[in-house]
Structures are given as structure tokens and as C-alpha cells.
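> What shape does this take:
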Amino acid sequence: MNGKLLKIAAVACAAVFAVALAGCAGDKYVPEEKQAQLEPPAIGETDTLRVGVDTGKAPLAGIMESNRAIVGLDVDIAAAIADDLGLKLTIIDVGSDAASALADGTVDIVMGVNQSDADGSFWVSQTYLPTGIALFSTDPNAGVPVADSGATFAAQISSTSAWAVSNEFGAGSLEAASTLLDAFDSLKNGQVNYVAADAVIGLYTAHSQDMQVYLSAMLSRVGGYVIGASSSNAELQTAISQSVQNMVNGGVLNVIERKWLGTTLDLSSVPLTAAAQGSGSGTSNGDGSGADDSGSGDGNGDGTGSSDEQLDENAEGSGDVAEQDA
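Model (predicted):
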């Protein structure tokens, strides 16, 4: 297994998620040291949470051009979980083989597991990040397109998103783009009415290009990403579930979403297209997983327009923002 390790001190990450209010000039905020809530055998290393990510799934995880560090939504969320549990953090690139990484004890938990792909070989948490195949528009009043309306769509060629468009609106309505960036360029230039893409990766791509887009509709039912852990590790399961809930209640997830996506991510109020309403769940193209995108993001992911967290488009397992073949 090609492991790329990134040691992150959770106490340092606390500064990202906590705001210190100084009572007078010159006061120095010193975060209270948290006591570790887990110890071996619930975790593999004392005082450390080992978290597996897939650096080929930007913006969930990817590699910075500048220093080869692993960054992304999942890395920030993992740092928040470790901090909540009073632990240091080790990030390990496990690729797409989450089950093996858990089974052989390489990691304690894995991030970025699509709930539709969970096969029951390990425990999974509640959803921490929703997603699905979405339709993006530059018009906030674009509304939900219907078949035979003449609406036009751009999507990555041979992707699940492209399949969903062709299936509901006909192949003639689709402009197949070489990359997701090209698809959004077509939208920006007025060549199409909508872009079809995974909700998370679509928002990240648009945000990295400083492009204002709106979620007009969902082409699939909403699914999401979950955290995986060993089925036999009940103590760790309980701790992770509580930590995810703490992040939701405390607004930490919203902060991380805004950093990478430019907005908080709530798909519950986004309307479904006619086909999505009748799709049910459990199919590879209509289950709401939306996991047809993978991207390095050759744009910036820090929410500020700077390049200090730009993911490397030439890194192994990454590339231009692109969708997986259907």
C-alpha cells in the first residue's frame, strides 16, 4: 500500500475551529488541553487517530502542489474529529481500498466512503456530507427542467451524470465535455442551460473558478459520504458517531464546507427531477450517490482565492477535475 503520511497535531488544528475572545489587549489565548477520550485497543496508537483517505477523490482529499501535503474536506473533518476526541492525527492515503485498510489495522477509520458503496464488511457512521447528481445553473430562477423542454446540459463525457441527462432528457440535449471544467465553461459562456455533476465536486469546481452557480435540481436522490470503522470496535463507533454529531451541532461542518465549497451544503430542499422522484434507491446510476466525479481541483480550495491549498493536477491519483466513467 502506497501510504502518504501526514502528521497533524490536533491541538494546532483547534485554532482553525475555535475563536478566542481576549478580554483585554495583550491577553494570549491558550486552548485547554483535552484529555484523550480513546486509547488502545480502541485505536491503534496511543494519543493518535489514524485516518484513511483517498487522495484521488478531491476535494475530499488531494495533494498540494507546493509541499505535497494531503489536504481536503475529509482532512479538515478528520482534524476536527481528532481534536474533539483529544487526539493527534495521522492522515494515511489508502486509495480506494477502505475495507483492506481497516481489516489489516493500517487505520482506525476511513473517510469518504460513499454510503451506496458500503458492502457491510465494516461499520459506517451517519452521513457527514450529502451528495448526489445535481444540476447547476447560473440563473437562480432556472427551475427544474422537464423532458422535451429544450433545455441543454453539459456533463463530463461517459460519466454517470452524462448518463442521467441522456436517460431523462435525451442524448440530443447533452453536450459531452472532456473535463468538468470544460462543462462549467460552457455554462459560463451561455452555451448550455445546466451542468450535471456530483453536488460536492460541482460546487468545488465552480468555487475554485470564482463562478457563481445555483443548485437547480437533483438528477438523483440524495445520498452521502460516511465514515468507516471496524465492525467489532464498538467503542470507536460510539466515539465517532458522537463526534460527527458534535460537529453538526457546533457548526464546524458548516465552516469546513464554506472553506472548500463556498457555501454550506444542504441538499434536502433541492427539488428532484421527474426521473429522480421515481428512481427509488440502490441503483448505480440513480441511487443518489453522485460518486461519478473525481478531481484534483486545479483551482483553489481554501475559499479565499489564494493558492496555498491548491491541489496538484499532476499528482498520482488526481488530475483535471473529472468524472469517473459510468
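> The residue positioned nearest the centre of the chain and residue 39: what is the separation?
Central residue of the chain (C-alpha atoms, centre = their mean): residue 60, 4.1 Å from the mean position. Using C-beta to C-beta, to the nearest Å, we find residue 60 at a distance of 28 Å from residue 39. (C-beta placed from N, C-alpha, C; glycine too.)
> for residue 161, same thing?
Counting by C-beta to C-beta, the gap from residue 161 to residue 39 is 44 Å.
> which one of the two has more residues nearby?
Counted by other C-beta atoms under 10 Å, residue 161 and residue 39 do not tie: residue 161 has more neighbours, with 33 against 12.
> State the helix or strand in which residue 238 lies.
Assigned by DSSP states H and E, residue 238 belongs to helix 234-250.
> Can you give me the buried ones in that helix?
236, 237, 239, 240, 243, 244, 247 (16 or more other C-beta atoms under 10 Å).
> how about low-confidence regions in this protein?
1-31, 279-326 (pLDDT under 70).
> What ranges does the stretch 101-250 of the chain have for its strands?
109-114, 123-124, 129-131, 133-137, 153-156, 174-177, 194-198, 214-218, 223-229 (DSSP state E, counting those that start in this stretch).
> Hmm, residue 269 and residue 222 touching each other?
No - using C-beta atoms under 8 Å, residue 222 makes no contact with residue 269, being 10.3 Å away.
> Between those two, tell me which one has more neighbours.
residue 222 (23 against 6).
> ok, now how distant is that one from residue 118?
For residue 222, the distance to residue 118 equals 16 Å [C-beta to C-beta].
> Likewise for residue 42?
Shown here: residue 42 relative to residue 118, a distance of 21 Å by C-beta to C-beta.
> With residue 78 instead?
Counting by C-beta to C-beta - residue 78 and residue 118 are separated by 18 Å.
> who's more crowded, these two?
Using other C-beta under 10 Å, the more surrounded residue of residue 78 and residue 118 is residue 78, with 29 against 15.
> Using the three-state scheme, assign the closest residue to that one other than its chain neighbours.
Closest residue to residue 78 apart from its sequence neighbours, by C-beta to C-beta, 6 or more residues apart in numbering: residue 51 at 4.2 Å. What DSSP: H, G, I helix; E, B strand; the rest coil gives for residue 51 is strand.
> what's across from residue 51 in the sheet?
On the basis of DSSP bridges, residue 51 is bridged to residue 91, residue 109.
> again with residue 225
Under the criterion used (DSSP bridges), residue 225 bridges to residue 114, residue 129.
> ok, it touching residue 116?
No - contact criterion C-beta under 8 Å: residue 225 and residue 116 do not qualify, at 10.1 Å.
> Between the two, tell me which one has more neighbours.
Neighbours were counted for residue 225 and for residue 116 using other C-beta under 10 Å; residue 225 has more, 26 against 20.
> mind listing what that one touches?
If you count contacts by C-beta atoms under 8 Å, 6 or more residues apart in numbering, residue 225 has them with 60, 74, 111, 112, 113, 114, 115, 127, 128, 129, 131, 200.
> mind giving me TSV with those residues and columns for distance to residue 87?
Output for these, formatted as TSV (distance: C-beta to C-beta, whole Å):
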residue	distance to residue 87
60	21
74	16
111	15
112	19
113	20
114	26
115	25
127	23
128	18
129	21
131	27
200	26
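> What residues sit buried inside stretch 117-125?
For stretch 117-125, the neighbour count (16+ other C-beta under 10 Å) marks 117, 122, 123, 124, 125 as buried.
> got the contact list for the third one?
Contacts for residue 123 were tallied using C-beta under 8 Å, 6+ apart; they are 228, 229, 230, 231, 233, 237.
> Could you single out the nearest of those residues to residue 204?
residue 228 (22.2 Å; C-beta to C-beta).
> and the gap between that closest one and residue 93?
According to C-beta to C-beta, residue 228 and residue 93 sit 15 Å apart.
> Same question for residue 274.
Using C-beta to C-beta, one obtains 40 Å as the distance from residue 274 to residue 93.
> Compare these two and say which is more crowded by neighbours.
residue 93 (22 against 13).
> before we move on, back to that, would you mind checking the contacts of residue 225 for buried ones?
By neighbour count, with 16+ other C-beta under 10 Å, the contacts of residue 225 hold 60, 74, 111, 112, 113, 114, 115, 128, 129, 131, 200 as buried.
> With that, I have no additional questions.
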